[in-house]
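Novice: Dropping a prediction and its sequence here:
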Amino acid sequence: MRKFRKFMFILTIVFAVLTFLGLVLLIVSSKELADTFFDCIILLISAASIAIAIFSQLAADKEQRHIEKIVHDVNAIDKKTQEDYKTDEGIRRKLDKILSLEEEIYKKVGGRKDIKKVENGD
């Protein structure tokens, strides 16, 4: 898509240069003043449309770069969030393992009631 945009931008510049050359040729030509005047007006209107196209293309390119930056930032945030989730999951597994080992130790020692029994008042 980027190559197509570059091609369109170059093509628009070529049209602008050709329009300018046409305006110069109209002014230098040996036609009557009224015909030259009307032809110049028509050519200037087409030149204005080419200028609008150039500015639109520049604005579209700027917006595209801005959107690409936003997408890059969102992807980086998503990657970091996934890494954080994996880290949290690993910590949770380790804590579960520690708690199960702790419970096993206390059962072997016989010095602690179940947490549910302690909460119920037994």
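Specialist: Structure's in. What do you need?
Novice: The helix or strand hosting residue 48 - contacts with which helices or strands?
Specialist: Per DSSP states H and E: residue 48 is located in helix 33-109. Identification of packing neighbours for helix 33-109 by 3 or more Cβ pairs under 8 Å, 6 or more residues apart in numbering; DSSP states H and E yields helix 2-28. Any C-beta I mention is one placed from the backbone N, CA and C, and that applies to glycine too.
Novice: can you give me the angle the helix it packs on makes with helix 33-109?
Specialist: 160 degrees (axes from the mean of the first three to the mean of the last three Cα atoms, to 10 degrees).
Novice: Show me which positions of helix 2-28 end up buried.
Specialist: For helix 2-28, burial by neighbour count (16 or more other Cβ atoms under 10 Å) applies to 9, 12, 15-16, 19, 22-23, 26.
Novice: just stretch 51-66 next, same as before
Specialist: Applying 16+ other Cβ under 10 Å to stretch 51-66 flags 53, 57 as buried.
Novice: Repeat that for stretch 33-49.
Specialist: Applying 16+ other Cβ under 10 Å to stretch 33-49 flags 39, 43, 47 as buried.
Novice: And the pLDDT at the second one?
Specialist: At residue 43, the pLDDT value in this model is 77.
Novice: Equivalent analysis for the first one, please.
Specialist: According to the prediction, residue 39 has pLDDT 78.
Novice: Quick check: it touching residue 25?
Specialist: No. With contact defined as Cβ atoms under 8 Å, residue 39 and residue 25 do not form a contacting pair (9.8 Å).
Novice: what sits in contact with each of those two?
Specialist: Common neighbours of residue 39 and residue 25, counting by Cβ atoms under 8 Å, 6 or more residues apart in numbering, are absent.
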